[in-house]
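A.B. asks: Next comes the sequence, and after it the predicted model I'd like to discuss.
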Amino acid sequence: MSDRQIVLKIADLTLRFGSFTALDAVNLTVSAGERVALLGHNGAGKSTLFKTVLGFLKPDGGTLTVAGARPGSDHARGAVSYLPEQVAFPKALTGTEIITHFARLKGVAPSRSIGLLETVGIADAADRAIGTYSKGMRQRLGLAQALIGKPALLLLDEPTSGLDPLSRGEFYAIIDRVAAEGTAVLLSSHSLTEVESRTDRVAILARGQLKADGALADLARAARLPIRIRVEAEPGRADAVRDRIGGDRINGRSVLLNCLAEEKIGLLARVAALGKDVTDVDITLPGLDDVYRHYSGIDLATHAMGDAS
Amino acid sequence: MSGAIRIATVATTEFRLAVRNRWVLLATLTLTGFALALAFLGSGPSGELKVDPLTLTAASLSTLSVYLVPLIALLVSYDSLAGELERGTLSLVLATPIRRTELLIAKFLGHLAVLALAIVVGYGIAALAVIERHGLGAHAAGLVVWFRLMATCLLLGAVFVGLGMAVSASCRQTGTAAALSVGLWLLLVVLYDLALLGAIIVDRGGLFTKTIFPFLVLANPGDAFRLFNLAQMDAGTPIAGLDGLAHSLPLPIGAALAVLVAWLGAALSAAVALARKITP
């Protein structure tokens, strides 16, 4: 990615609302063609970061450039497209009218943008009033609007919240295509599970601070979270198995062990050496939610974190 | 150039929305209905008064317009920014290259077009009804009076569209904007005159009535509109109440027009200044 052009460059960005620090020395870059997921619970600073990139909020410290320009400047506005989390287009207008409206505002010929309704799969409803659209169709219209004029940077604020899994898949397929054509995509989400394999990089924001930034696999490895191995023993052999390989015996037949990734093979070899005493082995890799929890430093038990919905 | 396209785009969409949401129909029907009612009721005694029937109807219509036109203007405009903020479309719009000033001008023009259509159609039909019934009268002076009425109605409407947008820019919720707009209408259109009348009664023709009072009447946009129209009608037109001032104003009548233009400028400046402070 390093040879690609950096579209969004955020360095030491700090923003305060009175005594509350919403963004605390955040560093983040997004390059052309890159898909980056910005993760965080409600109030972590995701929307604030987006609003700063759009030039709606003025930073108290640090620098921020969009396509090399100051946020809110003509050049930056021409380069960025935005889809807010909650957007309700006027019910009395049609999809075609919305696309035409925003194409003109962005200085793009409407005729070149109408096809986007086809891209997002609502061409059939193009001339129907938005009041008759389902929630999924409205969200698709929002995405079509954001794709007008092939933006250099696409900002999507929780774009798939409230979409069914099928629509969500199609949504990401469109984003993949757009990124392949060179658009830098920064999208926010509640859930690591949702953006897994959908983005190139993950940035985790918690209490205004960037806690992690990297490929998901690298982050998971670096977190050194334990792998869980559950060994099923022959009836009556559970204690014997535990004495040979360690761990905790549970429910009379199983032994539960935790190990790090590099210890896994050695441990499995020892389990295999137990021969007939073992009937089954079950390996659970650390879940994405565990990785997210590790980096955000948030305990699910004490903090009501949004889930995948 | 691109700024002009953006303004035209937003203004067109605003007007289209007003048509689809039946605001245009409602505003036009209201003004047509009231204007026609006055045309048939108010032009009756013209024969005895030797004033042409168009002028006579215009006199009563100017009084009615003071109440109706500001109300319609506020109803059309109070939602313009607060509504978009509430629905989330404002952040979308402001992420595009459009300037906030452009957005305000565009919305202003869109709302004004709704009002212009209602005034031209409503008062036009009423004028035709009067002419159909009584003829044009001895001379065409009534037509001039009528056109002056329509033009100043639009200016009065523009003032209140501007005020409505300023209110809308100051609220994050449409409900608050609606309440403030109704309050503004009551204050400027109803309570202001009542307060002045009360002051005159208490003063009994004293210093207040002779010095400050005419200027206070003129400072109100609705009163300025009414005085401007009434002062230029034939002396035989029956007028009453505060409007008696129309023939004894201490200033040239152009001052009334200047007051309206000043209000328009102040309202739009306030709307722009408030819109700049919005964080979408």
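C.D. replies: Okay, I see it. Because the structure is predicted, anything quoted here is derived from the model rather than measured.
A.B. asks: So the closest residue to A:L163 other than its chain neighbours: helix, strand or coil?
C.D. replies: Spatially, and ignoring its direct neighbours in sequence, A:L163 is nearest to A:G136 (5.6 Å; CB to CB, 6 or more residues apart in numbering or on different chains). Glycine gets a C-beta too; all of them are placed from N, C-alpha and C. Assigned with DSSP: H, G, I helix; E, B strand; the rest coil, A:G136 falls in the helix class.
A.B. asks: Quick one: distance of the lengthiest helix in chain B to the chain centre.
C.D. replies: Longest helix in chain B by number of residues (criterion: DSSP state H): helix B:100-134. Put simply, helix B:100-134 sits 10 Å off its chain's centre (CA atoms, centre = their mean, to the nearest Å).
A.B. asks: That helix close to chain A?
C.D. replies: No - Helix B:100-134 does not reach chain A (CB under 8 Å from any CB of the partner chain); its nearest approach is 9.4 Å.
A.B. asks: which other helices and strands contact that helix?
C.D. replies: Secondary structure elements in contact with helix B:100-134, counted by 3 or more CB pairs under 8 Å, 6 or more residues apart in numbering or on different chains; DSSP states H and E, are helix B:2-20, helix B:23-42, helix B:53-77, helix B:89-95, helix B:141-170, helix B:254-276.
A.B. asks: Dump those to JSON lines, plus mean neighbour count.
C.D. replies: Listed next are the helices and strands packed on helix B:100-134 as JSON lines, based on neighbours: other CB atoms under 10 Å in any protein chain shown:
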{"stretch": "helix B:2-20", "mean neighbour count": "18"}
{"stretch": "helix B:23-42", "mean neighbour count": "19"}
{"stretch": "helix B:53-77", "mean neighbour count": "24"}
{"stretch": "helix B:89-95", "mean neighbour count": "23"}
{"stretch": "helix B:141-170", "mean neighbour count": "23"}
{"stretch": "helix B:254-276", "mean neighbour count": "17"}
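A.B. asks: So which of these is nearest A:V291?
C.D. replies: Closest to A:V291 of the helices and strands packed on helix B:100-134 is helix B:89-95 (CB to CB; 31.4 Å).
A.B. asks: re the thing from before, what sits against the residue nearest to A:L163?
C.D. replies: Residues in contact with A:G136, defined by CB atoms under 8 Å, 6 or more residues apart in numbering or on different chains, are A:163-164, A:167.
A.B. asks: Sort out which one of those residues lies nearest chain B for me.
C.D. replies: A:L163 (16.6 Å; CB to the nearest CB).
A.B. asks: Which pLDDT value belongs to the closest one?
C.D. replies: Looking at A:L163, its pLDDT stands at 83.
A.B. asks: and it, how many neighbours?
C.D. replies: 17 (other CB atoms under 10 Å in any protein chain shown).
A.B. asks: I'd say it and A:Y172 touch.
C.D. replies: No - with contacts counted by CB atoms under 8 Å, A:L163 stays clear of A:Y172, the gap being 10.2 Å.
A.B. asks: I'd guess B:T176 is in a helix, am I close?
C.D. replies: Yes - checked against three-state DSSP, B:T176 lies within a helix.
A.B. asks: Surely it and B:G83 touch.
C.D. replies: No - judged on CB under 8 Å, B:T176 makes no contact with B:G83 at a distance of 11.4 Å.
A.B. asks: neighbour-wise, which of these two wins?
C.D. replies: Legend: neighbour count by other CB under 10 Å for B:T176 and B:G83, higher for B:G83 (19 against 15).
A.B. asks: Pull the contacting residues for the closest residue in space to that one that isn't next to it in sequence.
C.D. replies: Of all residues beyond its chain neighbours, the one nearest B:G83 is B:T174 (4.9 Å), with distances taken as CB to CB, 6+ apart. B:T174 makes contact with B:78-79, B:82-83, B:86, according to CB under 8 Å, 6+ apart.
A.B. asks: circling back: roughly how far apart are the residue nearest to A:L163 and chain B?
C.D. replies: In this view, A:G136 and chain B are 17 Å apart by CB to the nearest CB, to the nearest Å.
A.B. asks: Need phi/psi at A:A69.
C.D. replies: Main-chain torsions, A:A69, degrees, to the nearest 10: phi -120, psi 160.
A.B. asks: which residues pair with it across the strands?
C.D. replies: A:V66 (DSSP bridges).
A.B. asks: quick one: it from A:H75, how far?
C.D. replies: Here the criterion is CB to CB, to the nearest Å. By it, A:A69 lies 4 Å from A:H75.
A.B. asks: same check, this time on B:G198
C.D. replies: B:G198 is 59 Å from A:H75, by CB to CB.
A.B. asks: Surely A:G43 is in a helix?
C.D. replies: No - assessed with three-state DSSP, A:G43 is coil; it does not lie in a helix.
A.B. asks: From start to finish, how long is stretch A:99-112 in a straight line?
C.D. replies: Its start and end residues considered, stretch A:99-112 measures 10 Å (CA to CA, to the nearest Å).
A.B. asks: ok, now stretch A:153-161?
C.D. replies: Start-to-end, stretch A:153-161 (CA to CA) is 21 Å.
A.B. asks: chain center to that stretch, what's the gap?
C.D. replies: Distance of stretch A:153-161 from the chain centroid (CA atoms, centre = their mean) equals 9 Å.
A.B. asks: Wait, A:G246 touches A:L257, no?
C.D. replies: Yes - under the criterion of CB under 8 Å, A:G246 makes contact with A:L257 at 6.5 Å.
A.B. asks: Who has more neighbours out of these two?
C.D. replies: Comparing A:G246 with A:L257 by other CB under 10 Å, the one with more neighbours is A:L257, at 19 against 13.
A.B. asks: CA atoms only for stretch A:54-71, dumped as PDB, please.
C.D. replies: In PDB, the C-alpha atoms belonging to stretch A:54-71 read as follows (Å, rounded to 0.1, in the frame of the first residue of the first chain):
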ATOM      1  CA  LEU A  54     -15.700  16.800   6.300                       C
ATOM      2  CA  GLY A  55     -14.700  20.200   7.700                       C
ATOM      3  CA  PHE A  56     -17.800  20.500   9.900                       C
ATOM      4  CA  LEU A  57     -15.700  20.500  13.100                       C
ATOM      5  CA  LYS A  58     -12.400  22.400  13.600                       C
ATOM      6  CA  PRO A  59      -9.600  20.400  15.200                       C
ATOM      7  CA  ASP A  60      -7.900  21.800  18.300                       C
ATOM      8  CA  GLY A  61      -4.600  20.200  17.400                       C
ATOM      9  CA  GLY A  62      -2.800  18.200  14.700                       C
ATOM     10  CA  THR A  63      -3.200  18.200  11.000                       C
ATOM     11  CA  LEU A  64      -5.700  16.700   8.600                       C
ATOM     12  CA  THR A  65      -5.600  16.700   4.800                       C
ATOM     13  CA  VAL A  66      -8.100  15.300   2.300                       C
ATOM     14  CA  ALA A  67      -6.500  14.700  -1.100                       C
ATOM     15  CA  GLY A  68      -3.700  17.100   0.000                       C
ATOM     16  CA  ALA A  69      -6.200  19.900   0.800                       C
ATOM     17  CA  ARG A  70      -7.700  21.400   4.000                       C
ATOM     18  CA  PRO A  71     -11.000  19.800   5.000                       C
END
